[in-house]
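J.: Build the 3D model from these lines:
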Amino acid sequence: MLTSLLPPPTVPVSKTAKPRPSALSVSAPAPSPAATSDDAPGGGGPRRRLSALIRSLCAAGRTAEAARALSAAGGGAGVVAYNAMVAGYCRAGQLAAARRLAASVPVAPNAYTYFPLVRALCARGRIADALAVLDDMARRGCAPTPPMYHVTLEAACRASGFRGAVGVLRDLHGRGCALDVGNCNLVLQAVCDQGPVDEAVRLLRDLLPSFGCEPDVVSYNAVLRGLCMARRWGHVQDLMEEMVAAGCPPNIVTFSTLIGHLCRNGLFERVHEVHAQMAEHGCAPDVRMYATIIDGVCKEERLEVARGILNRMPSYGLSPNVVCYNTLLKGLCSADRWEEAEGLLAEMFDKDCPLDDVTFNILVDFLCQNGLVDRVIEVLEQMLEHGCMPDVITYTTVINGFCKEGLIDEAVMLLRSMAACGCRPNTVSYTIVLKGLCSAERWVDAEELMSQMIQQGCPPNPVTFNTLINFLCKKGLVEQAIELLKQMLVNGCSPDLISYSTVIDGLGKAGNTDEALELLNVMVKKGMSPNTIIYSSIASALSGEGRINKVIQMFENIQDTTVRSDAVLYNAVISSLCKRGETDRAIEFLAYMVSSGCVPNESTYTILIRGLASEGFVKEAQEILTELCSKGALRKHLMKHFGIV
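T.: Numbering: from 1, shown residues only. Model prediction:
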């Protein structure tokens with residue numbers, strides 16, 4: 001058993017993680033307006049007090065009072081007071097007032113007068129207005145700062161996509177703005193994320209130099225990632241050579257990106273080549289890179305190779321961390337190699353590698369997947385001993401395991417005890433238990449749990465409702481399913497295609513085809529396009545009642561040509577007619593199918609032949625089968641399969 005060799009608990013050493021600066025962040029953040037002469041020591045007490053008053057009033061949402069205080073000060077107000085007022089208007093969403101004030105400041109404005117306005121406009125996607133503010137600055141002899149360009153370009157990437165962002169970049173350059181490589185990299189990253197990689201390559205090689213920006217390693221790494229995502233490995237190598245020639249050699253990020261993509265694509269032979277290249281450029285693989293390689297190897301189910309990499313890490317001066325161990329542990333558990341997994345757990349303890357939440361979640365998932373839920377509680381207790389707290393993933397996994405084993409009461413108890421353990425159940429947790437209750441036909445308990453879910457502030461989602469609707473329809477409780485469909489809207493959850501198709505199918509099987517058609521009309525009026533499954537369900541129900549004319553009428557009303565030409569839709573009708581013993585009408589409907597431009601498939605003929613044989617027309621079925629096989633419409637082995645030859 002996996003847990004039998006769990007080591008005694010260790011107390012992990014807490015380390016404070018230092019924030020990592022973004023490669024795209026600007027080097028000079030926007031300084032506070034307080035850093036001006038008006039607020040400097042000896043810079044004028046009254047002005048400082050006025051600025052503080054305006055900031056305080058604006059922070060309280062009292063912009064009108066702040067504006068009156070500023071106006072009353074007259075010529076005694078300095079630029080800091082005006083800056084505070086502009087910023088206050090922006091925070092209050094009064095951008096028109098902020099813009100008017102910024103344009104009419106009676107003292108010499110500075111960059112901090114305009115920065116809050118530019119930021120607020122960009123946050124609302126008003127890029128053109130933000131650019132106009134930059135023009136206002138220039139007219140008043142006030143130079144924009146790099147953070148302004150960064151904010152504008154960032155907003156353009158969000159609002160207009162990469163093409164719009166490139167357009168704004170050109171616009172800024174045309175206005176004479178002093179762009180830096182960080183601004184260009186921001187747009188380059190957007191191109192790599194959203195557009196064709198060729199656009200990114202062109203921007204790197206042509207546009208950046210034309211803006212007076214020399215690409216740096218961040219620029220090259222962004223494009224390299226795009227090439228990797230496009231699996232253009234030859235171009236990746238060319239780009240790396242170009243980096244070296246440009247005096248911008250690859251760094252650890254370059255190699256980590258490349259190795260990560262190679263592993264995800266199973267190209268482990270190339271990983272060895274890249275590994276060798278690293279030494280040439282003075283880069284040493286780190287633990288994170290080895291974790292990436294181990295993960296890729298495990299996903300390819302080459303666990304011996306992954307184990308060998310883990311064993312060799314100390315020889316490279318690296319100690320495997322918990323991520324490396326967890327990755328291999330997950331691979332071993334997925335392959336049901338639990339004895340090796342137990343050995344790996346023992347090794348983690350021997351190497352002073354504390355188990356973490358992920359380690360235990362892997363074990364819990366393994367036990368639940370293999371029906372060993374009796375050992376799960378023991379693992380949860382050991383988590384606490386090792387200083388790890390079960391999270392919502394842990395509990396939800398256990399709940400799912402209980403439900404799979406039919407231990408519904410245990411699942412309900414664990415769900416209700418989660419909050420007491422400091423872990424709030426989520427929608428997935430509730431949905432799994434609801435599904436278990438429905439499987440046990442405990443409708444009253446399911447209804448109570450749904451009410452409790454809503455009361456606890458955990459709104460059901462479409463999956464929750466669809467789970468209940470599906471079970472109700474399977475049990476023939478269609479009226480209750482329709483009521484639940486209405487409750488979806490009350491709870492702010494719109495029915496989706498699955499919701500409607502399930503209820504429509506339930507109505508059809510219950511013989512309520514007219515109600516099914518009404519619900520179909522409701523769907524269409526809401527702007528939803530029914531799919532083949534929905535139409536097939538109704539068509540099957542109608543043909544089962546012998547209402548072929550109604551079926552044909554429905555077919556004629558279908559607007560989607562893809563659906564109308566789907567053989568599955570016609571086959572549903574032919575199958576229903578054959579089940580009613582009306583193969584003659586089924587053959588007539590086959591003619592309608594062909595005349596409608598839908599080509600019969602093998603299933604169409606199979607249904608008809610079976611129908612003929614079941615009605616005693618064995619000879620006719622044999623003749624049709626032989627002819628279809630000779631024409632290649634059916635496979636010959638089906639002759640024996642039908643047992644009519």
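J.: Name the nearest residue to Tyr430, ignoring sequence neighbours.
T.: Excluding its sequence neighbours, the residue lying closest to Tyr430 (CB to CB, 6 or more residues apart in numbering) is Met453, at 4.6 Å. Every residue, glycine included, has its C-beta placed from N, CA and C.
J.: and the one you found, how many neighbours does it have?
T.: Per other CB atoms under 10 Å, the neighbour tally for Met453 reads 22.
J.: doesn't Phe465 make contact with it?
T.: No - using CB atoms under 8 Å as the test, Met453 is too far from Phe465 to be in contact (11.3 Å).
J.: confidence score at Val187?
T.: In this model, Val187 is scored at 84, pLDDT.
J.: doesn't Leu169 make contact with it?
T.: Yes - the pair Val187 / Leu169 is scored as a contact, 5.0 Å apart, by CB under 8 Å.
J.: remind me, longest helix of the protein?
T.: Counting residues, the longest helix found in the chain (DSSP state H) is helix 146-174.
J.: Check which helices and strands that helix sits against.
T.: Using 3 or more CB pairs under 8 Å, 6 or more residues apart in numbering; DSSP states H and E, the elements in contact with helix 146-174 are helix 111-123, helix 127-139, helix 181-194.
J.: swap the cut-off to 10 Å and go again
T.: Helices and strands touching helix 146-174, by 3 or more CB pairs under 10 Å, 6 or more residues apart in numbering; DSSP states H and E, are helix 111-123, helix 127-139, helix 181-194, helix 197-202, helix 208-210.
J.: Tell me the first helix or strand C-terminal of the last one.
T.: Going down the chain from helix 208-210, the next helix or strand is helix 217-229, by DSSP states H and E.
J.: Sort out which residues of that following helix are buried, please.
T.: If you call a residue buried by 16 or more other CB atoms under 10 Å, then helix 217-229 has these buried ones: 217-228.
J.: Could you do stretch 238-251 as well?
T.: For stretch 238-251, burial by neighbour count (16+ other CB under 10 Å) applies to 239-240, 242-243, 248-251.
J.: just the residues you listed now: which is nearest Gly611?
T.: Distances from the buried residues of stretch 238-251 to Gly611 were compared by CB to CB; the smallest belongs to Leu239, at 62.5 Å.
J.: can you pull the contacts of the nearest residue to the closest one once chain neighbours are set aside?
T.: In space, and not counting its chain neighbours, Leu239 is closest to Leu224: 5.6 Å by CB to CB, 6+ apart. Going by CB atoms under 10 Å, 6 or more residues apart in numbering, Leu224 touches 192, 197, 200, 204, 217, 235-236, 239-240, 243, 250, 253-255, 257-258, 261.
J.: which element is Pro144 on?
T.: Judged by DSSP H and E, Pro144 forms part of no helix or strand.
J.: Might one say that it is in contact with Tyr112?
T.: No - assessed by CB atoms under 10 Å, Pro144 is found out of contact with Tyr112, at 11.4 Å.
J.: Which neighbours do the two have in common?
T.: Counting by CB under 10 Å, 6+ apart, nothing touches both Pro144 and Tyr112.
J.: which residues of the protein fall in strands?
T.: For the chain, applying DSSP state E gives no strands.
J.: follow-up on the earlier one: shared neighbours of Val187 and Leu169, which are they?
T.: 153, 156-157, 179, 203, 207-208.
J.: which of those tops the neighbour count?
T.: Result: Ala156 is most packed of the shared contacts of Val187 and Leu169 (other CB under 10 Å), 28 neighbours.
J.: from what I can see the residue nearest to Tyr430 touches Leu437, true?
T.: No - contact criterion CB under 10 Å: Met453 and Leu437 do not qualify, at 11.9 Å.
J.: Distance check, the residue at minimal distance from the centre of the chain against Pro215.
T.: The structure's the chain has its C-alpha centroid closest to Asp193; by CA atoms, centre = their mean the separation is 14.6 Å. Per CB to CB, to the nearest Å, Asp193 is found 17 Å from Pro215.
J.: ditto for Arg48
T.: From Arg48 across to Pro215, the span is 45 Å (CB to CB).
J.: Which one's more surrounded, the two?
T.: Just comparing Arg48 and Pro215: by other CB under 10 Å the higher neighbour count belongs to Pro215, 22 against 18.
J.: if I pick Arg202, what's in contact with it?
T.: For Arg202, the contact set (CB under 10 Å, 6+ apart) comprises 166, 191, 196, 208, 223.
J.: Could you do Ser540 as well?
T.: So Ser540 contacts 505, 508-509, 513, 551, 569, 571-577, 579 (CB under 10 Å, 6+ apart).
J.: And for Met528, the neighbour number?
T.: Neighbour number of Met528 under other CB under 10 Å is 16.
J.: What of Asn426?
T.: By other CB under 10 Å, 15 other residues sit near Asn426.
J.: and what of Cys403?
T.: The local packing of Cys403 (other CB under 10 Å) involves 23 other residues.
J.: now swap in Glu304 and tell me
T.: The number of residues near Glu304, taken as other CB under 10 Å, comes to 9.
J.: any idea how far it lies from Phe268?
T.: For Glu304, the distance to Phe268 - CB to CB - is 13 Å.
J.: okay, and for this protein, where does confidence drop off?
T.: Residue ranges of the chain with pLDDT under 70: 1-44, 627-628, 630-645.
J.: about what we covered before: which of the buried residues of stretch 238-251 sit farthest apart?
T.: Longest distance between any two of those is 14.8 Å, between Glu242 and Asn251; criterion CB to CB.
J.: who touches Pro249 in this structure?
T.: By CB under 10 Å, 6+ apart, the neighbours of Pro249 are 217, 220, 240, 243, 280-283.
J.: Now do the helices in the stretch 451-600 of the chain.
T.: 462-474, 478-490, 497-509, 513-525, 532-544, 548-557, 561-564, 567-579, 583-595 (DSSP state H, counting those that start in this stretch).
J.: possible to save these as TSV with distance to Ala138?
T.: Listed next are the helices of the stretch 451-600 of the chain as TSV, based on distance: least, CB to CB, whole Å:
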stretch	distance to Ala138
helix 462-474	52
helix 478-490	53
helix 497-509	53
helix 513-525	54
helix 532-544	60
helix 548-557	61
helix 561-564	55
helix 567-579	64
helix 583-595	70
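J.: Those helices: which one's closest to Leu57?
T.: Closest of the helices of the stretch 451-600 of the chain to Leu57 is helix 478-490, at 43.0 Å (criterion: CB to CB).
J.: ok, residues contacting that closest one?
T.: Contacts of helix 478-490 (CB under 10 Å, 6+ apart): 443, 447, 450, 454, 460-462, 464-466, 468-475, 477, 493-496, 499-500, 502-512, 515-516, 519, 522.
J.: how about 8 Å then?
T.: In this structure, residues lying in contact with helix 478-490 by CB atoms under 8 Å, 6 or more residues apart in numbering are 443, 462, 465, 468-469, 472-473, 494-495, 499-500, 502-503, 506-507, 510, 512.
J.: Now the buried members of these.
T.: 443, 462, 465, 468-469, 472-473, 495, 499-500, 502-503, 506-507, 510, 512.
J.: And for Ile482, the neighbour number?
T.: By other CB under 10 Å, neighbour count at Ile482 equals 19.
J.: next one: Arg337
T.: Here the count is done by other CB under 10 Å, and Arg337 has 14 residues near it.
J.: List the contacts of it.
T.: Contacts of Arg337 by CB under 8 Å, 6+ apart are Leu303.
J.: How is the chain divided into domains?
T.: With domains defined by the TED database, the chain comprises 47-144, 529-644.
J.: Can I get the ones you listed in JSON lines including distance to Ile482?
T.: Below are those laid out as JSON lines (distance: least, CB to CB, whole Å):
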{"stretch": "domain 47-144", "distance to Ile482": "42"}
{"stretch": "domain 529-644", "distance to Ile482": "15"}
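J.: Any idea which of these gets closest to Val364?
T.: So among those, domain 529-644 is nearest, using CB to CB, at 35.9 Å.
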